[in-house]
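Novice: Build me a structure from this.
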Amino acid sequence: MTFGDKLAKAVAAHGPLCVGIDPHPSLLDAWGLSRTAEGLERFALTAVEAFGGKVAMVKPQAAFFEAYGSRGVAVLERVIADLRDSGTLVLVDAKRGDIGSTMAAYAEAYLGEGSPLAGDAVTLSPFLGFGTLQPALDTARATGRGVFVLALTSNPEGAEVQHAVAPDGRTVARTIIDFATARNSGISPCGDVGLVVGATIGETDVDLSGFNGPILAPGFGAQGGSVADLKRLFGPDMRNVFPTSSRDVLRHGPDVSSLVSAVRRVQESL
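Specialist: Residues are numbered from 1 along each chain as shown. Got it, this is the predicted structure:
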């Protein structure tokens, strides 16, 4: 199956929601857990129990695991394995980006067959040039996985780079979108190169109507993004848009049934 096939199957079963696992220290505190590798593991595996098999995609934020060193990375590896065993797609939010052999090593780590850090997709940063991502694009296609490339993020600092205008008159964001569109050309039901477009970016004149790929829309829920924002950004046809909610759902833990209920409410709103 291609990554697009996997996405279509997951959405048909569960709807488009992507839920994040962000073991932020404040959430560990709220759940009554210690800020240790043990607390991290308890938090993460509770989230896996609540979300596995119930949503289209789960997005563990790698940085919060890496903060605990090798033991934290081991927890991330287990989260990836357990979610994939449940039939849930895993998007590892690592935002990797580099050049040459270093990028190739990142590709093998997060997209290579048999790597314990490889989920079904990974987030990438294209701001060293879209072409530097080629090892990851090639590895993803070879293994039936996908990538989500940062394009229009909702942090205010992002505009300094993403709205900058290149010599050909296109913004950096437009250039990224055009490269991703070309990479996905001719692939059905959708390509394996996705974009990250924040649900809270506000008004934009960037046209996404010709983009044949998945769009990750973080910022839905606690960060202020609403269904109305999604419709305004992406139009009425949102079959390839994956709204992402993390802390707005996780704040209902540590009770598993409360987490499941929170997921159901968000799914119904979508």
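
Novice: can you pull out the helices in this structure?
Specialist: When secondary structure is read from DSSP state H, the chain shows helices at 3-14, 25-30, 37-51, 62-66, 69-85, 100-111, 134-143, 159-162, 172-183, 227-234, 247-250, 256-269.

Novice: Next one: residue 148 from residue 100, what distance?
Specialist: Residue 148 sits 22 Å away from residue 100 when distances are taken as Cβ to Cβ, to the nearest Å. For the C-beta atoms, the positions are set from N, CA and C on the backbone; glycine is no exception.

Novice: Kindly apply the preceding question to residue 122 instead.
Specialist: Residue 122 is 18 Å from residue 100, where distance means Cβ to Cβ.

Novice: now swap in residue 109 and tell me
Specialist: Distance from residue 109 to residue 100, by Cβ to Cβ: 15 Å.

Novice: Give the residue spans of this protein that score low on pLDDT.
Specialist: Residue ranges of the chain with pLDDT under 70: 202-203, 222-224, 237.

Novice: just how off-centre is stretch 259-270 within its chain?
Specialist: The chain centroid and the centroid of stretch 259-270 are separated by 18 Å under Cα atoms, centre = their mean, to the nearest Å.

Novice: Any buried residues in that stretch, and which?
Specialist: 259, 260, 262, 263, 266, 267 (16 or more other Cβ atoms under 10 Å).

Novice: contacting residues around it?
Specialist: Contact partners of stretch 259-270, identified using Cβ atoms under 8 Å, 6 or more residues apart in numbering, comprise 14-17, 19, 46-47, 50-51, 54-55, 220-221, 227, 243, 245, 248-250, 252-253.

Novice: Can you tell me which of the residues you listed are buried?
Specialist: So, by 16+ other Cβ under 10 Å, the buried ones in the contacts of stretch 259-270 are 14-17, 19, 46-47, 50-51, 54-55, 220-221, 243, 245, 248-250, 252-253.

Novice: Kindly present the helices of the chain as JSON lines, with separate columns for distance to residue 212.
Specialist: Below are those laid out as JSON lines (distance: least, Cβ to Cβ, whole Å):
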{"stretch": "helix 3-14", "distance to residue 212": "9"}
{"stretch": "helix 25-30", "distance to residue 212": "36"}
{"stretch": "helix 37-51", "distance to residue 212": "28"}
{"stretch": "helix 62-66", "distance to residue 212": "27"}
{"stretch": "helix 69-85", "distance to residue 212": "26"}
{"stretch": "helix 100-111", "distance to residue 212": "20"}
{"stretch": "helix 134-143", "distance to residue 212": "14"}
{"stretch": "helix 159-162", "distance to residue 212": "21"}
{"stretch": "helix 172-183", "distance to residue 212": "7"}
{"stretch": "helix 227-234", "distance to residue 212": "14"}
{"stretch": "helix 247-250", "distance to residue 212": "29"}
{"stretch": "helix 256-269", "distance to residue 212": "25"}
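
Novice: out of those, nearest to residue 94?
Specialist: Counting by Cβ to Cβ, residue 94 lies closest to helix 62-66 out of the helices of the chain; the figure is 4.3 Å.

Novice: Would you mind listing the buried residues in that closest one?
Specialist: By neighbour count on 16+ other Cβ under 10 Å, the buried set for helix 62-66 is 62, 64, 65.

Novice: Stretch 128-143 too?
Specialist: Applying 16+ other Cβ under 10 Å to stretch 128-143 flags 130, 132, 133, 135, 136, 137, 139, 140, 141, 143 as buried.
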